[in-house]
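> here's a sequence, model it:
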Amino acid sequence: MEFWIASGGLLLVVVLYDLIQTKHAILRNFPLVGHLRYLLESVGPELRQYIVTSNDEELPFSRDQRRWVYSSAKKQNNYSGFGTDNDLERSNNYLIIKHHTLGPSVEPRHDEMYPLPCAKVLGGPRGRRDAFRPRSVVNISGMSFGSLSSAAVQAMNRGAAIAGCLHNTGEGGVSPHHLHGGDLIWQLGTGYFGARASDGAFDRDACVQGVQDHPVRAIEIKLSQGAKPGLGGVLPGEKVSAEISRIRGVPMGQTVISPPGHRSFSTVDEMLDFVEDLADATGVPVGIKSAVGQLEFWTELADRMASEERGVDYIAIDGGEGGTGAAPFAFSDHVALPFKVGFSRVYRIFAERGVHHDVVWVGSGKLGFPETGLLAFCLGADMIAVGREAMMAVGCIQAQRCHTGHCPTGVATQNKWLVRGLDPTHKGARLANYIVTLRKELTRLSHACGCLHPALLTAEHMEILDGNFGSRPVSEVFGYEPGWELCSQPDLAKVERLMGS
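Predicted structure coming up:
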């Protein structure tokens, strides 16, 4: 009898501790039972020979990828032992980074924050009043309050403030949870949330006021996103709480579907007028975000920017493999080109017309890992934006319940009990750790290639294995001409001075 009383008392103590502690959302939301998840995780490597799934099989992110994000966010050992477990000789489309044979020609910097500023001034070529050089080439992609919980948004903004990176609001507008020290990119989707008139149209005055009232460094006009291009945004009714209803100006509990297209413009010409008017009115740089499908839009945009004064300040290309929200299977699986194909095609169009230097290029779509992020820079990206990797850094376990409102870690839900499990202070620090670690790895890989900054990398610095004992340089695979992917030399000189200081 005494044994059972003691055992029950011990279990009660564990439950109370789980409910009080703030480091682990799973334990706060599922006391006692949640320990099974950590137990299975701890013995996973030893049991892996007995289970079907290998380190590299799970999707959207493999066990190796998730483990790297988690360990980086917790400042734990993110190395691996006993060599690679990938079959390089039979791997198709496998990325290989070509290091400098004699070693790095630059001295590594020992700064615990691993600062890595953008090589270009955002808004500089078009003379925007509030043009600036982003302090980090790694930034947080657009994920709205509504799609994510209040605690997750707050954690990301706190992490952005610590890491000195930009936090994209997503199309849900600027909420109080975005205001914890991090600089913002305000994303304007087709619903114009935060700058929305009573009839759903764009309210220019409200947008100008929003920029003045909040730490908005740039505006992003979302044309489409990787998860559901051509469909518009979808916020399931289960997530439309009273607070979200108030912020967005939509009915509580009803699914919010943003239109597939913008009401303020329907042609490239009208879009450029909209961009220039918005930049003049707010003073901040204005860019666009889109997945890539038909190329006529991009050809006309590049032609106009080559022959006119009007233009966008940055272009964020989202790969079809990206996506943090809910979407029909056909859209998430088959609509829009994957990042490598889509980005390279658009970049080539602008490079052929000589206007690629006037744009800050942003890549997104599973680029939050050192080797994939480095490839984006080799293709011409100036910055990368991380979405689901940032979610994992604040606790996401890839349960893939984002569309149900029942995310067990409190990241992608509005369920108050589940949200309470996510502590923004702890998770904000973990996100900052992840961002800094990714910058560190990008810096070290660039140095291994003999370059001071990722912007100095070219498509010749990486090759792609074909799974048949052959490989081709990235430049050949994607049809790049020499020098296309390098940003303008004057800016690089400034970055070299910044990096050397």
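> burial measure for D203, as a count.
16 (other CB atoms under 10 Å). For every residue, glycine as well, the C-beta is placed using N, CA and C.
> what residues does it make contact with?
When the contact criterion is CB atoms under 8 Å, 6 or more residues apart in numbering, the partners of D203 are 192, 195-197.
> out of those residues, which comes closest to I221?
Y192 (10.1 Å; CB to CB).
> element containing that closest one, please.
For Y192, there is no enclosing helix or strand under DSSP states H and E.
> show the buried residues in the contacts of D203.
Taking 16 or more other CB atoms under 10 Å as the criterion, what is buried in these is 192, 195-196.
> got the contacts of D203 as TSV, with pLDDT and distance to G410 columns?
What follows is these, written out as TSV (pLDDT from 0 to 100; distance: CB to CB, whole Å):
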residue	pLDDT	distance to G410
Y192	93	28
A195	93	29
R196	89	28
A197	88	33
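> reformat those residues as JSON lines; add secondary structure.
Converted to JSON lines, these look like this (DSSP: H, G, I helix; E, B strand; the rest coil):
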{"residue": "Y192", "secondary structure": "coil"}
{"residue": "A195", "secondary structure": "coil"}
{"residue": "R196", "secondary structure": "strand"}
{"residue": "A197", "secondary structure": "coil"}
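> from these, which is closest to C207?
Using CB to CB, the contacts of D203 come closest to C207 at A195, 3.7 Å.
> surely the closest one meets A201?
No - counting by CB atoms under 8 Å, A195 does not reach A201; the two are 9.8 Å apart.
> quick one on the thing from earlier: what's the closest of the contacts of D203 to S245?
R196 (12.7 Å).
> that closest one and D205: what is the separation?
12 Å (CB to CB, to the nearest Å).
> again, but for V346
33 Å.
> next one: T437
Here the criterion is CB to CB. By it, T437 lies 42 Å from D205.
> the two: which is more packed in?
Neighbours per residue (other CB under 10 Å) separate T437 from D205, with T437 holding more: 22 against 10.
> quick revisit: just name the closest of the buried ones among the contacts of D203 to T267, please.
Among the buried ones among the contacts of D203, and counting by CB to CB, the member closest to T267 is Y192, at 18.5 Å.
> which one is A161 nearest to, not counting chain neighbours?
G181 (3.2 Å; CB to CB, 6 or more residues apart in numbering).
> run through the strands of the stretch 151-300 of the chain in chain order.
166-168, 183-188, 216-222, 234-235, 256-257, 286-290 (DSSP state E, counting those that start in this stretch).
> what angle do the longest one and strand 286-290 make?
Read it as strand 216-222. 40 degrees (axes from the mean of the first three to the mean of the last three CA atoms, to 10 degrees).
> which helices and strands sit right next to strand 216-222?
Applying 3 or more CB pairs under 8 Å, 6 or more residues apart in numbering; DSSP states H and E, one finds that strand 216-222 contacts strand 166-168, strand 183-188, helix 204-213, helix 268-282, strand 286-290, strand 314-318.
> try the last one
Contacts defined by 3+ CB pairs under 8 Å, 6+ apart place strand 286-290 against strand 216-222, helix 268-282, strand 314-318, strand 360-364.
> I'd like those as JSON lines, with mean neighbour count, distance to P482 and mean pLDDT appended.
Formatted as JSON lines, the helices and strands packed on strand 286-290 follow (neighbours: other CB atoms under 10 Å; distance: least, CB to CB, whole Å; pLDDT from 0 to 100):
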{"stretch": "strand 216-222", "mean neighbour count": "23", "distance to P482": "31", "mean pLDDT": "97"}
{"stretch": "helix 268-282", "mean neighbour count": "18", "distance to P482": "30", "mean pLDDT": "98"}
{"stretch": "strand 314-318", "mean neighbour count": "27", "distance to P482": "22", "mean pLDDT": "97"}
{"stretch": "strand 360-364", "mean neighbour count": "28", "distance to P482": "18", "mean pLDDT": "97"}
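> of the ones you listed, give the one that comes closest to G81.
strand 360-364 (30.9 Å).
> can you list the strands that the closest one pairs with?
strand 314-318 (parallel), strand 383-386 (parallel) (DSSP bridges).
> check which element follows that strand along the chain.
helix 370-378.
> in that following helix, which residues are buried?
Neighbour-count burial for helix 370-378 flags 370, 372-378 (criterion: 16+ other CB under 10 Å).
> F265: which of these is nearest?
Closest approach between the buried residues of helix 370-378 and F265, by CB to CB: A376, at 28.3 Å.
> what's the closest one in contact with, if anything?
Contacts of A376 (CB under 8 Å, 6+ apart): 339, 343, 363, 367, 384.
> swap in 7 Å and give it another go.
363, 367, 384 (CB atoms under 7 Å, 6 or more residues apart in numbering).
> quickly list what the first one is bridged to.
Here G363 shows beta-bridge partners I317, I384, assigned using DSSP bridges.
> from what I can see T169 touches L179, true?
No - the pair T169 / L179 is not scored as a contact, 10.6 Å apart, by CB atoms under 7 Å.
> how many neighbours does L122 have?
A count of neighbours around L122, defined by other CB under 10 Å, yields 27.
> can you pull up the bridge partners for it?
F132.
> wait, it sits on Y314?
Yes - between L122 and Y314 there is a contact under CB under 7 Å: 6.1 Å.
> tell me how the chain divides into domains.
The chain breaks down into these domains under automatic domain parsing: 1-51, 138-500.
> tell me where the stretch 351-500 of the chain has helices.
For the stretch 351-500 of the chain, the helices defined by DSSP state H, counting those that start in this stretch cover 370-378, 388-393, 416-420, 424-448, 474-478, 489-500.
> pLDDT weak spots in the stretch 1-150 of the chain?
2-4, 6-11, 13, 32-57, 103-110 (pLDDT under 70).
> before we move on, the earlier item: which residues do A195 and A201 both contact?
Common neighbours of A195 and A201 (CB under 7 Å, 6+ apart) do not exist.
> and for N77, the neighbour number?
Neighbour number of N77 under other CB under 10 Å is 9.
> same deal with M156?
31.
> let me know the pLDDT of it.
At M156, the model reports a pLDDT of 98.
> isn't it right up against S141?
No - assessed by CB under 7 Å, M156 is found out of contact with S141, at 9.9 Å.
> hang on, the earlier thing: what sits against the residue nearest to A161?
G181 sits in contact with 157-158, 161, where contact means CB under 7 Å, 6+ apart.
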